[in-house]
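Asker: turn this into a structure:
(4 chains)
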There are 2 protein chains.
Amino acid sequence: MRADAKRNRDRIVEVAREVFREHGYDASLDEIAKRAGVGAGTLYRHFPTRDALLDAIMQSWVDRVNEATEKALAFEGEDRELLIGWFETYASLISLHKGGPAKITSAMGNPDSPIVSKCQVLTAASQRVIDRLEADGALRADVDAVQVCQLVGGVATVADNADQPVSAVRPLLEVVADGMLR
Amino acid sequence: MRADAKRNRDRIVEVAREVFREHGYDASLDEIAKRAGVGAGTLYRHFPTRDALLDAIMQSWVDRVNEATEKALAFEGEDRELLIGWFETYASLISLHKGGPAKITSAMGNPDSPIVSKCQVLTAASQRVIDRLEADGALRADVDAVQVCQLVGGVATVADNADQPVSAVRPLLEVVADGMLR
DNA sequence: AACAATACGGAGAGTGTCTCCGTTTAGCAA
DNA sequence: TTGCTAAACGGAGACACTCTCCGTATTGTT
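Answerer: Predicted coordinates:
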């Protein structure tokens, strides 16, 4: 990749992260191009779809997911606390911007989604938490990580839609946790 | 209201119901106007916002909700079955069109929403189901009808986003039910 | 039949998406 | 350095959608 191309690409991602957080996932792409000081053509050449741009933005986010997972696994205390804590963390992680939870959760089941690799990072993280609880014999029955992600994603979507912080839906997360625990 | 006005209004609602089901909640309003054989101005005079149009469409839907509620309350059998059955019914009812579950669920918490009266119909229905279970002493703790609606709405959103029927998310509804039951 | 009052409809302004293609630039080879 | 070519740029413009404004048409009343 030519040096100028890389420069522009990086700049677009940086600006897009900002604009998405500011105006939500529906922000104008031309606006992003303008703010990044490039033509619309340049933006669309690098990122043919809105999702491709989102995928690029989420690249750095992967590290944060893994970090949060380690922290959750290191938790010492009640299983219920661990699970609910992880749910809150998860919900926060997918609340990148307005519309983020819905976006990510809907991509979760769809193998054709352009952000599928990011979803896998999330399911893998949840799987590790579930495995730990399973080892403790704390879970009710076979629990599927993807489904748990979708469920918690659904709750996060509720909070996002209502312009509320994740903490506002803690009671819902508790219900989900109680439904999973023995 | 003048006769021609009523005629046009009715026709718009009828066409909109069809188009929303066909193309989802984001369907073009100009397209609806065209199909209804009226000018864009006429559509916007009757329904200043997309939500106002949705509200009109949902008018007849209220009857179906009440009908379904009676049926659920008349159910004789396990409490768990009753609850899960109601969840499935609920999820189906809000899956009016692509984007419906998210739309309705996000309106649920927001008192300024133009479809708030329709949401109240839904929460009232859920409240009746919850009251019945509470009377049986089947519920775990104080359960808020609005929160339950949001939670089930979140699950329905998952199915909707993944282009799946409500039946595909039954396991998630079971988790939610188990989280609520004693 | 005449006349308000009411409603109609579509042109057009504003905004966003996405493509096409003439122009510019980076990077390499002589 | 210079010259060359492949790669990349950028913005004009076609297309789509939303929503308003206002001249025109229809209704129903007197």
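Asker: and the residue positioned nearest the centre of chain A, how far is that from residue A:130?
Answerer: The centroid of chain A falls nearest to residue A:94 when counting by Cα atoms, centre = their mean (2.8 Å). Going from residue A:94 to residue A:130 by Cβ to Cβ, to the nearest Å gives 17 Å. C-beta: built from backbone N, CA, C; applies to glycine.
Asker: for the one helix or strand residue A:70 maps to, C-alpha coordinates in CSV please.
Answerer: If you go by DSSP states H and E, residue A:70 is part of helix A:61-73. The C-alpha trace of helix A:61-73 is given here as CSV (Å, rounded to 0.1, in the frame of the first residue of the first chain):
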residue,chain,number,x,y,z
TRP,A,61,-11.4,-2.4,20.3
VAL,A,62,-10.4,-6.1,20.2
ASP,A,63,-7.6,-5.5,22.7
ARG,A,64,-10.0,-3.9,25.1
VAL,A,65,-12.3,-7.0,24.9
ASN,A,66,-9.5,-9.4,25.7
GLU,A,67,-8.3,-7.2,28.6
ALA,A,68,-11.8,-7.1,30.0
THR,A,69,-12.2,-10.8,29.7
GLU,A,70,-9.0,-11.5,31.7
LYS,A,71,-10.3,-9.2,34.4
ALA,A,72,-13.6,-11.0,34.6
LEU,A,73,-12.0,-14.4,34.8
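Asker: quick one on the thing from earlier: and the residue nearest to the centre of chain A, what is it in contact with?
Answerer: Taking Cβ atoms under 8 Å, 6 or more residues apart in numbering or on different chains, we find residue A:94 in contact with A:100, A:101, A:104, A:105, A:122, A:153, A:156.
Asker: narrow those residues to those in helices?
Answerer: Counting by DSSP state H, those place A:100, A:101, A:104, A:105, A:122, A:153, A:156 in helices.
Asker: burial count for the second one?
Answerer: When you say that, I think you mean residue A:101. 29 (other Cβ atoms under 10 Å in any protein chain shown).
Asker: with the fifth one instead?
Answerer: By the measure other Cβ under 10 Å, the count of residues near residue A:122 is 24.
Asker: element containing the nearest residue to it once chain neighbours are set aside, please.
Answerer: Sequence neighbours aside, residue A:149 is the residue nearest to residue A:122 in space, at 5.9 Å (criterion: Cβ to Cβ, 6 or more residues apart in numbering or on different chains). For residue A:149, the enclosing helix or strand under DSSP H and E is helix A:145-161.
Asker: for that helix, buried residues please.
Answerer: The neighbour-count check on helix A:145-161 (16 or more other Cβ atoms under 10 Å in any protein chain shown) flags A:145, A:147-161 as buried.
Asker: state the mean pLDDT of the helix or strand following that helix.
Answerer: If you walk from helix A:145-161 toward the C-terminus, the next helix or strand you reach (DSSP H and E) is helix A:170-180. The pLDDT scores in helix A:170-180 average 93.
Asker: other SSEs contacting helix A:170-180?
Answerer: helix A:79-94, helix A:145-161, helix B:145-161, helix B:170-180 (3 or more Cβ pairs under 8 Å, 6 or more residues apart in numbering or on different chains; DSSP states H and E).
Asker: CA atoms only: put it into CSV for me.
Answerer: Provided in CSV are the C-alpha atoms of helix A:170-180 (Å, rounded to 0.1, in the frame of the first residue of the first chain):
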residue,chain,number,x,y,z
ARG,A,170,-29.0,-4.2,35.5
PRO,A,171,-32.2,-5.7,36.7
LEU,A,172,-32.7,-7.2,33.3
LEU,A,173,-29.3,-8.7,33.3
GLU,A,174,-30.0,-10.2,36.7
VAL,A,175,-33.0,-11.9,35.3
VAL,A,176,-30.9,-13.3,32.5
ALA,A,177,-28.2,-14.5,34.9
ASP,A,178,-30.8,-16.1,37.2
GLY,A,179,-32.2,-17.9,34.2
MET,A,180,-28.8,-19.5,33.5
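Asker: hmm, who's touching that helix?
Answerer: Contact partners of helix A:170-180, identified using Cβ under 8 Å, 6+ apart, comprise A:80, A:83-84, A:87-88, A:91, A:139-140, A:143, A:148, A:151-152, A:155, A:158, B:140, B:144, B:147, B:150-151, B:154, B:174-180.
Asker: switch the cut-off to 7 Å
Answerer: A:80, A:83-84, A:87-88, A:139-140, A:143, A:151-152, A:155, B:140, B:147, B:150-151, B:175-176, B:178-180 (Cβ atoms under 7 Å, 6 or more residues apart in numbering or on different chains).
Asker: pull out the buried residues from that helix.
Answerer: A:170, A:171, A:172, A:173, A:174, A:175, A:176, A:177, A:178, A:179, A:180.
Asker: how about the contacts of residue A:94 in a markdown table, adding pLDDT?
Answerer: Formatted as a markdown table, the contacts of residue A:94 follow (pLDDT from 0 to 100):
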| residue | pLDDT |
| --- | --- |
| A:100 | 90 |
| A:101 | 89 |
| A:104 | 89 |
| A:105 | 86 |
| A:122 | 96 |
| A:153 | 91 |
| A:156 | 91 |
